[in-house]
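> Give the three-dimensional model of this entry:
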Amino acid sequence: MKRVTEISGRVGTVMRDRMRSVKRRILEIARASRDISEKGKQKRITAYSKLLEISSRVVGQAKKFSAEITRKIKRGSRKILRKAKRQLEEMIPRVEQVLRQTRQRVLRGDTRAQGKIVSVFEPQTEVIRKGKAGKPNEFGKLVKIQEVENQIVTHYEVFDQRPSDSALLTPSIERHIEQFGKAPEMATGDAGFFSAANEAKAEELGVHRVAVPSQSTKSSQRKQRQKTRWFKKAQKWRTGCEGRISVLKRRHGLHRSRYRGTDGMRRFVGLGVIADNLINIGQVLFAASKPEPQTQS
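Next comes the predicted model:
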């Protein structure tokens, strides 16, 4: 709205900057959040109510700007104003959804808002429950990384909606067969990928050894299988694959996508995978090209 006012001047609805009031309300919420008593809770609710009122007025102002924007056009500024109108029309419903969520969560105590969004700039962002003490929740999209020998990533996927891990094993094996013309000798994953159906399907597809642990099994035969040398070796290799995810995040910045939207995230992950594969392929080729040391008898 500030940008529109700069271009078109003070015509029609006059923009009122409420950022000072918003900052004060946010400080009030932060102070009240330190007090866990009932009095602190009431102060927090009061501050949220004021913030919601201010935000609602900003949204109302934005709607007027959007309606009037086509009449505030100078010939040389049409492109900029059309872009501003499009941005307003995208952002208004998102902010209205956040206002509904806040009323429902803070004022009524209901955390299950319909159509919840956690980012007005990336509304497709999902809450990913990790269950870890230090990081119980993360925000983003689930990415699957499929790796073979020599730390080479053969396939990746960014999911629109997060699937269960158990639904990923069979498609991953089928993808491997499509790429290489045969089933892998061994397939492994963590306990989230396990199901009896998955194991049977993998063996049906031609996988010689399936090393996916079942943590809840009561079968003595199953427990004995998970203690075999090859199974433990496969699980150690899988643990090493977890390091590949860490390297992709640390070396290539995949902890945060620099492109907007799900398509942008797919492109960013793909570029990171390509870069990492080039490094690892180069290391393998360099090691293979080194002459073997000669010894004299």
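> Tell me how many other residues crowd Ile117.
Using other C-beta atoms under 10 Å, Ile117 has 17 other residues around it. Every C-beta, even on glycine, is put in place using the N, C-alpha and C of the backbone.
> Could you do Ala62 as well?
With other C-beta under 10 Å as criterion, Ala62 counts 20.
> For it, give me its contacts.
Met1, Leu88, Met91, Ile92, Val95 (C-beta atoms under 8 Å, 6 or more residues apart in numbering).
> same question for the longest helix along the chain, mean pLDDT?
Criterion DSSP state H: the longest helix present in the chain is helix 38-68. Averaging pLDDT along helix 38-68 yields 89.
> next helix or strand past that helix?
Sequence order places helix 78-102 as the next helix or strand after helix 38-68, per DSSP states H and E.
> and that following helix with helix 38-68, angle?
150 degrees (axes from the mean of the first three to the mean of the last three C-alpha atoms, to 10 degrees).
> distance between helix 78-102 and the chain's centre?
Centroid separation between helix 78-102 and its chain, computed with C-alpha atoms, centre = their mean, to the nearest Å, is 23 Å.
> what's next to that helix, contact-wise?
Against helix 78-102 from outside (C-beta under 8 Å, 6+ apart): 1, 3-4, 7-8, 48, 52, 55-56, 58-59, 62-63, 65-66, 69-70, 72-73, 113, 115-117, 120, 123.
> what does the average pLDDT come to for that helix?
86.
> Can you mark which positions in that helix are buried?
Across helix 78-102, burial judged by 16 or more other C-beta atoms under 10 Å covers 80-81, 84-85, 88, 91-92, 95, 97-99, 101-102.
> Out of the residues you listed, the closest to Lys43 would be?
Checking those against Lys43 with C-beta to C-beta, the nearest one is Thr102 at 16.1 Å.
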